[in-house]
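**Student:** Sequence first, then the predicted structure:
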Amino acid sequence: MAVGYGLVVRFTLRSEEAAEAFDELVSRTLEGIRRDEPGTVVYVNHRVPDEPAVRVFYELYADRAAFEAHERQPHVRHFLEERRKFVARTDVTFLEHIDGKV
């Protein structure tokens, strides 16, 4: 299976308290991703050691179309709106698959 569209997103959150609320929002969003998005291969929220107000997402999609379908989901639109309450800065890096083990 060729998996060729991914991204890494680094969120710098407003505070440690904001990080906790952000994690809860992500968990609720993941319910919809698990249920409704077969083209979302990996969607993981990571904590960064020694940076309690930073989260890093790794997202991997079957292809660009699966990513675009992800962006249109109601649970994702809700996440994008609500995250503004918690996030001070967002840095996104898009990735293209070269080689690997899937």
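**Tutor:** Great, that's in hand.

**Student:** Any stretches of the protein with poor pLDDT?
**Tutor:** The model of the chain has pLDDT under 70 over residues 1-3.

**Student:** would you list every one of the helices in it?
**Tutor:** With helices called from DSSP state H, the chain shows them at 16-36, 64-72, 74-82.

**Student:** In JSON lines, list those along with mean neighbour count and distance to Phe57.
**Tutor:** Placement of C-beta: from N, CA and C, glycine included. Listed next are those as JSON lines, based on neighbours: other Cβ atoms under 10 Å; distance: least, Cβ to Cβ, whole Å:
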{"stretch": "helix 16-36", "mean neighbour count": "15", "distance to Phe57": "8"}
{"stretch": "helix 64-72", "mean neighbour count": "14", "distance to Phe57": "12"}
{"stretch": "helix 74-82", "mean neighbour count": "14", "distance to Phe57": "11"}
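
**Student:** Which strand residues bridge the spatially most central residue of the chain?
**Tutor:** By Cα atoms, centre = their mean, the chain has its centre lying nearest to Phe57, at 4.5 Å. Counting by DSSP bridges, Phe57 is bridged to Val9, Asn45.

**Student:** between the helices of the chain, which gets nearest to Arg89?
**Tutor:** helix 16-36 (12.0 Å; Cβ to Cβ).

**Student:** show me the contacts for the residue nearest to the centre of the chain.
**Tutor:** Leu7, Val8, Val9, Phe11, Tyr43, Val44, Asn45, His46 (Cβ atoms under 8 Å, 6 or more residues apart in numbering).

**Student:** next one: His75
**Tutor:** Residues in contact with His75 (Cβ under 8 Å, 6+ apart) are Arg28, Thr29, Glu31, Gly32, Ile33, Asp36.

**Student:** any idea how far Phe86 is from it?
**Tutor:** 17 Å (Cβ to Cβ, to the nearest Å).
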